[in-house]
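In: can't give you the sequence, but here's the structure:
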């Protein structure tokens with residue numbers, strides 16, 4: 001992976017897909033234009049319209065029998081124990097995990113790929129916090 005800088009104006013869904021293809025990671029572009037990275041878990045990358053940040057996120061379903069309090073306890077554990085990502089319960093009851101990568105001043109291709117891999121490892125650590133069987 002290259003130490004070549006990527007500048008905000010160069011970031012697009014197509015360029016991100018190409019970058020992750022070059023890193024031998026399974027990448028595709030979904031119907032919303034987000035880049036889907038498939039590893040043990042899937043995550044999505046969405047460049048901001050101004051190109052200054054890339055949102056990286058994952059969504060997981062909730063166990064139908066999980067109570068709202070148990071869901072909130074789960075996301076609170078993630079937010080307390082897994083420091084690099086943010087967890088929340090969406091309006092429809094699913095779980096949303098996210099992180100933002102700054103592109104201000106540019107970022108190396110290597111750093112961007114490593115940030116996505118780190119996010120996926122945080123997702124795995126977050127799911128390990130599911131002691132109440134609230135994720136489906």
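Out: All right, it came through fine. The structure presented is a predicted model; accordingly, all values stated were derived computationally and were not measured.
In: okay, residue 2: pLDDT?
Out: Residue 2 is assigned 69 on the pLDDT scale.
In: Flag every buried residue along the biggest helix by length in the chain.
Out: If you go by DSSP state H, the chain has its longest helix at helix 109-127. Within helix 109-127, the residues that count as buried by 16 or more other CB atoms under 10 Å are 109, 112, 113, 115, 116, 119, 120, 122, 123, 126, 127. For glycine as for every other residue, the C-beta is placed from the backbone atoms N, C-alpha and C.
In: model confidence over it, on average?
Out: When pLDDT is averaged over helix 109-127, the result is 96.
In: what do you get for stretch 84-102?
Out: 96.
In: quick one: the most centrally placed residue in the chain and residue 67, what's the gap?
Out: Nearest to the mean C-alpha position of the chain, by CA atoms, centre = their mean, lies residue 57 at 2.8 Å. Distance of residue 57 to residue 67, given as CB to CB, to the nearest Å: 24 Å.
In: And for residue 98?
Out: Counting by CB to CB, the gap from residue 98 to residue 67 is 24 Å.
In: Between these two, which is the more surrounded one?
Out: Comparing residue 98 with residue 67 by other CB atoms under 10 Å, the one with more neighbours is residue 98, at 17 against 11.
In: That one: what's it in contact with?
Out: Contact analysis of residue 98 by CB atoms under 8 Å, 6 or more residues apart in numbering lists 55, 56, 57, 58, 85, 86.
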